[in-house]
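>>> Here is the input, now give the coordinates:
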Amino acid sequence: MKAETLRRGVILLVLLAGIAAAVVLREHFSVELLTESVGQLGWLAPLVFIAGYAIATVFFFPGLLFTLAGGVLFGPFYGTLYNLTGATLGATLAFLLARYLAYDWVAQRTGKRLRQLVEGVENEGWRFVAFVRLVPLFPFNLLNYALGLTKIPLAHYVITSLLFMAPGGAAYTYLGYAGRELAGGGEDVIRKGLLALAVVASIAFISRILMKLRQRQTGGQA
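Predicted coordinates:
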């Protein structure tokens with residue numbers, strides 16, 4: 001029992017130290033720094049990028065920076081693949097940490113929103129997870145931990161997260177790729193830039209429609 005308590009305490013301290021470091025370093029972290037650092041790694045770049053994305057997700061680094069950098073580094077197809085792999089791995093690690101090791105800490109930080117998540121998962125299961133992945137009602141990193149406190153099976157959580165993070169992930173990956181093309185003056189830069197903006201606008205529009213539909217179904221409550 002003491003060994004288990006000690007192990008949980010050590011893991012929680014590491015988690016808190018990582019989050020504190022993320023807060024301190026956030027201002028110095030940028031897409032340019034990330035692409036420059038990873039871009040020099042050759043064939044190791046995808047593996048390091050995926051691992052970095054996963055770790056960043058656990059420690060509350062801004063995932064959007066990684067997603068944009070994935071598009072810059074690897075293009076729209078492989079960038080989306082690597083981004084989704086890293087984000088899903090990180091989301092799974094956070095989910096497991098909350099479920100088995102940091103329940104009390106996560107519960108304190110989610111507060112009233114935790115009850116909303118628990119009720120949503122109990123009533124709708126994976127469909128509720130799909131909804132909150134498509135519509136950003138909760139901060140992505142905190143959502144991963146909060147969902148670990150619900151009773152949803154791990155497999156349902158992982159598969160649903162992967163599938164329903166894909167639209168937004170693909171959109172922002174393409175935005176990063178288009179930004180690189182615009183900066184480099186490649187062919188069809190105007191078309192690619194307009195397409196990127198259209199894709200992101202479509203995601204925002206779809207999210208808004210889904211929110212309104214859900215509000216109608218739940219009597220005005222999100």
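
>>> Now do the buried residues in stretch 160-178.
Applying a neighbour-count criterion of 16 or more other Cβ atoms under 10 Å, one finds 160-162, 164-178 buried in stretch 160-178. No exception for glycine: its C-beta is placed from N, CA and C like everyone else's.

>>> again but with stretch 82-102, I slipped
If you call a residue buried by 16+ other Cβ under 10 Å, then stretch 82-102 has these buried ones: 82-99, 101-102.

>>> can you give me the helices in the chain?
Here the chain has its helices, by DSSP state H, at 2-25, 31-39, 45-58, 63-100, 103-110, 112-124, 126-134, 140-147, 154-184, 189-217.

>>> need these in CSV with mean pLDDT, can you?
Converted to CSV, those look like this (pLDDT from 0 to 100):
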stretch, mean pLDDT
helix 2-25, 68
helix 31-39, 87
helix 45-58, 94
helix 63-100, 92
helix 103-110, 64
helix 112-124, 72
helix 126-134, 83
helix 140-147, 86
helix 154-184, 86
helix 189-217, 65
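
>>> ok, Leu41 touching Val48?
Yes - with contact defined as Cβ atoms under 8 Å, Leu41 counts as touching Val48 (5.5 Å).

>>> who's in contact with Ser30?
Leu65 (Cβ atoms under 8 Å, 6 or more residues apart in numbering).

>>> Let me know the pLDDT of it.
We have a pLDDT of 81 for Ser30.

>>> Pull up the gap between it and Thr80, please.
Distance, Ser30 to Thr80, by Cβ to Cβ, to the nearest Å: 21 Å.

>>> Tally up the residues packed near the nearest residue to Phe59 once chain neighbours are set aside, please.
Spatially, and ignoring its direct neighbours in sequence, Phe59 is nearest to Gly18 (3.8 Å; Cβ to Cβ, 6 or more residues apart in numbering). As a burial measure, Gly18 scores 16 neighbours (other Cβ atoms under 10 Å).
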